[in-house]
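In: turn this into a structure:
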Amino acid sequence: MSKGYLCLALHAHLPYVRHPEHENFLEEKWLFEAITETYIPLIQVFDRLLNDNVKFRLTITLSPPLISMLTDPLLQERYVKHLANLIELSQKEEGRTYGSPFHESALMYKRRLREAMSVFCDYYSRNLVSAFKKFQDAGLLDVITCASTHGYLPLMMLYPEAVSAQVKAAIDLHTRHLGRAPEGIWLPECAYAPGVDEILKNFGLKFFFTDSHGILYASHRPRFGIFAPIYCPSGVAAFGRDVESSKQVWSSQEGYPGDYDYREFYRDIGHDLDFEYIKPYIHPDGIRTHTGLKYFKITGKVDLSHKEPYNPKRAEEKAAMHAGNFMFNRQHQVLHLSGMMDRPPIIVAPYDAELFGHWWFEGPMWLEYLIRKIAFDQDLIEMVTPSDYLQRFPCNQVAVPCSSSWGNKGYHEVWLCGANDWIYRHLHMAAARMIEMSNRRPSAGGMLRRALNQAARELMLAQSSDWAFIMSTGTMVEYAVKRTKTHLLNFFRLYNDIESGRIDEGWLRHLENTDNIFPGMDYSWYQTPAAKDRAEAV
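Out: Residues are numbered from 1 along each chain as shown. Alright, predicted model coming up:
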């Protein structure tokens with residue numbers, strides 16, 4: 001038996017951005033960049049490991065907004081156009097950089113972009129969710145879910161029915177695309193408050209993740225700290241994040257991504273090159289944007305104008321070296337802990353998936369080296385998922401995790417501060433009215449049912465924690481405010497139309513086409529338990 005376990009968890013999520021009314025919408029690039037730089041490289045890693053028969057277990061979240069965007073024909077078509085444009089740019093760059101220190105990098109980008117087009121179109125027919133399902137069915141990935149629109153659940157607990165609807169909608173969409181219900185959930189922003197776990201239990205979910213202090217400051221002192229899960233009184237398990245292993249990977253100051261040989265994220269040819277040359281490959285309005293073609297390494301703690309050329313081969317060597325270092329550190333961590341526990345410790349290392357490839361360009365190759373080294377170069381640690389661990393060790397301490405998140409300062413301040421506190425009175429009012437409408441109409445049909453379902457979609461889209469986060473960090477604030485207000489205004493207009501009995505079918509059809517997330521939406525998910533009992537009795 002291994003002396004300990006490593007639980008790597010990647011949280012893949014982006015806010016729902018879909019604008020059919022605009023051919024080139026700037027924020028849709030968030031998705032396109034993540035597909036090219038994170039999701040496809042991760043899929044390529046998993047495919048190589050599968051083809052080489054390398055055994056591993058890894059947990060990944062596919063959030064409902066991300067699943068919806070990855071399977072949307074409109075966004076798929078736009079991504080193909082976006083990628084074709086980048087391939088054309090890479091071909092020009094091959095010639096432009098010939099004889100320069102950047103030529104090797106230009107050739108690398110040309111190859112990677114062509115491979116991305118092949119993976120996206122040829123291997124997976126534009127549906128990358130099917131790739132993750134393949135790895136799930138092969139026993140390599142445990143694909144879990146998240147709340148439906150990444151709503152910040154602790155700040156929604158004033159109306160538990162709204163939290164239940166967020167969880168139910170997520171499980172419904174997940175099951176439609178992955179072929180099975182998820183066993184666990186990534187709480188948005190790792191945010192927990194007592195009572196959330198009771199709702200998770202009602203939907204058959206068995207575990208969730210918290211930040212370290214969520215476990216360490218639980219109602220009872222955890223005997224094994226964060227190196228074993230605790231059970232909430234509901235029976236749902238909570239796994240705590242390991243600080244040491246997390247910091248080594250995500251910290252740009254103390255961790256691997258800050259190594260001077262790795263690629264510099266902020267120097268991109270979309271900003272560096274002559275405007276007329278780069279104009280066809282940035283936003284049509286002339287807004288300079290990142291293209292993903294970056295030719296410099298981090299170099300050192302100096303300003304962005306003073307960088308040295310990126311060396312792909314040297315960066316890959318560093319990725320392999322850092323993978324070995326990470327494994328070495330986990331081995332020593334396990335050897336130390338195993339002497340103090342009555343079971344093998346589990347080291348939980350959760351990260352945003354977009355760190356791998358997008359922010360940390362070498363992240364996917366680091367991950368592949370790590371998995372191969374764990375599989376072939378040692379026998380002290382084993383990669384597992386939370387489900388695996390709970391099957392092997394079903395008896396764990398019972399305690400209530402403390403209210404917490406993995407945001408700045410560890411609690412709720414990022415999502416409830418002076419920059420965004422104004423949204424909650426409106427979100428709470430909308431949730432109360434959604435519950436009220438659902439209770440009074442237990443079996444609506446026709447256009448009324450469509451309007452109720454769309455009202456539920458608009459409410460969920462307004463509840464996304466991404467908008468509050470963006471407001472608090474001061475980036476793209478205008479867009480976040482607009483999205484919050486737009487969905488709330490849509491909801492309250494639908495509410496008034498429903499209550500007055502005058503539903504504008506043309507406008508409703510427009511909303512159904514634009515905000516088309518959750519095709520299986522059922523407004524009755526917002527009913528209170530008493531109303532559900534009455535409806536069932538009738």
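In: and residue 395, how many neighbours?
Out: Neighbour count of residue 395, defined by other C-beta atoms under 10 Å: 7. (C-beta placed from N, C-alpha, C; glycine too.)
In: what about the strands in the stretch 101-250 of the chain?
Out: 141-146, 184-186, 207-210, 230-231, 237-240 (DSSP state E, counting those that start in this stretch).
In: and the longest one, how far out from the chain middle?
Out: Same thing as strand 141-146. Put simply, strand 141-146 sits 10 Å off its chain's centre (C-alpha atoms, centre = their mean, to the nearest Å).
In: send the alpha carbons of it over as CSV?
Out: Extracted C-alpha coordinates of strand 141-146, given in CSV (Å, rounded to 0.1, in the frame of the first residue of the first chain):
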residue,chain,number,x,y,z
LEU,A,141,-10.9,11.5,-14.6
ASP,A,142,-13.6,12.1,-12.0
VAL,A,143,-15.6,14.9,-13.5
ILE,A,144,-17.5,16.8,-10.9
THR,A,145,-19.9,19.8,-11.1
CYS,A,146,-20.3,23.3,-9.7
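In: strand partners (parallel or antiparallel) of it?
Out: strand 58-62 (parallel), strand 184-186 (parallel) (DSSP bridges).
In: redo these as a markdown table? Include mean pLDDT.
Out: Listed next are the strands paired with strand 141-146 as a markdown table, based on pLDDT from 0 to 100:
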| stretch | mean pLDDT |
| --- | --- |
| strand 58-62 | 98 |
| strand 184-186 | 98 |
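In: could you dump those strands into TSV with mean neighbour count added?
Out: As requested, the strands paired with strand 141-146 are exported to TSV (neighbours: other C-beta atoms under 10 Å):
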stretch	mean neighbour count
strand 58-62	25
strand 184-186	25
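In: wait, which of the strands of the stretch 101-250 of the chain is closest to residue 434?
Out: strand 141-146 (20.4 Å; C-beta to C-beta).
In: any chance of the strands of the stretch 101-250 of the chain in a markdown table, with distance to residue 328 too?
Out: Below are these laid out as a markdown table (distance: least, C-beta to C-beta, whole Å):
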| stretch | distance to residue 328 |
| --- | --- |
| strand 141-146 | 25 |
| strand 184-186 | 28 |
| strand 207-210 | 25 |
| strand 230-231 | 29 |
| strand 237-240 | 23 |
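In: tell me which of those strands sits nearest to residue 402.
Out: strand 207-210 (8.6 Å).
In: contact partners of the closest one?
Out: The contact list for strand 207-210 (C-beta atoms under 8 Å, 6 or more residues apart in numbering) reads 9, 183-187, 190, 192, 197, 200, 229, 236-241, 348, 350, 386-387, 390, 401, 404.
In: each with direction, which strands does it pair with?
Out: strand 184-186 (parallel), strand 237-240 (parallel).
In: okay if I get these as TSV plus distance to residue 394?
Out: Below are those laid out as TSV (distance: least, C-beta to C-beta, whole Å):
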stretch	distance to residue 394
strand 184-186	15
strand 237-240	10
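In: of the ones you listed, which is nearest residue 512?
Out: So among these, strand 184-186 is nearest, using C-beta to C-beta, at 27.5 Å.
In: give me the low-pLDDT residue ranges for the stretch 351-500 of the chain?
Out: Applying pLDDT under 70 to the stretch 351-500 of the chain flags no residue at all.
In: actually the chain, not the one I typed
Out: 1, 302-304, 535-538.
In: mind checking the longest helix of it?
Out: helix 312-338 (DSSP state H).
In: which other helices and strands does that helix contact?
Out: Judged by 3 or more C-beta pairs under 8 Å, 6 or more residues apart in numbering; DSSP states H and E, the packing partners of helix 312-338 are strand 4-12, helix 103-117, helix 243-250, strand 346-352, helix 363-376, strand 381-383.
In: next, the angle strand 346-352 makes with it.
Out: 140 degrees (axes from the mean of the first three to the mean of the last three C-alpha atoms, to 10 degrees).
In: okay, now the domains of the protein?
Out: The record assigns the chain these domain ranges, following automatic domain parsing: 4-71+127-257+336-409, 416-532.
In: include distance to residue 30 when you put the strands paired with strand 141-146 into a markdown table, please.
Out: A markdown table is the format used below for the strands paired with strand 141-146 (distance: least, C-beta to C-beta, whole Å):
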| stretch | distance to residue 30 |
| --- | --- |
| strand 58-62 | 16 |
| strand 184-186 | 19 |
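In: so residue 505 makes contact with residue 447?
Out: Yes. The pair residue 505 / residue 447 is scored as a contact, 6.1 Å apart, by C-beta atoms under 8 Å.
In: quick one, which of those two is more surrounded?
Out: More crowded of residue 505 and residue 447, by other C-beta under 10 Å: residue 447, with 14 against 11.
In: find the nearest non-adjacent residue to the more buried one, please.
Out: Once flanking residues are discounted, residue 447 sits nearest to residue 503: 5.6 Å by C-beta to C-beta, 6 or more residues apart in numbering.
In: and what of residue 377?
Out: Of all residues not flanking residue 377 in the chain, residue 327 sits nearest, at 7.4 Å (C-beta to C-beta, 6+ apart).
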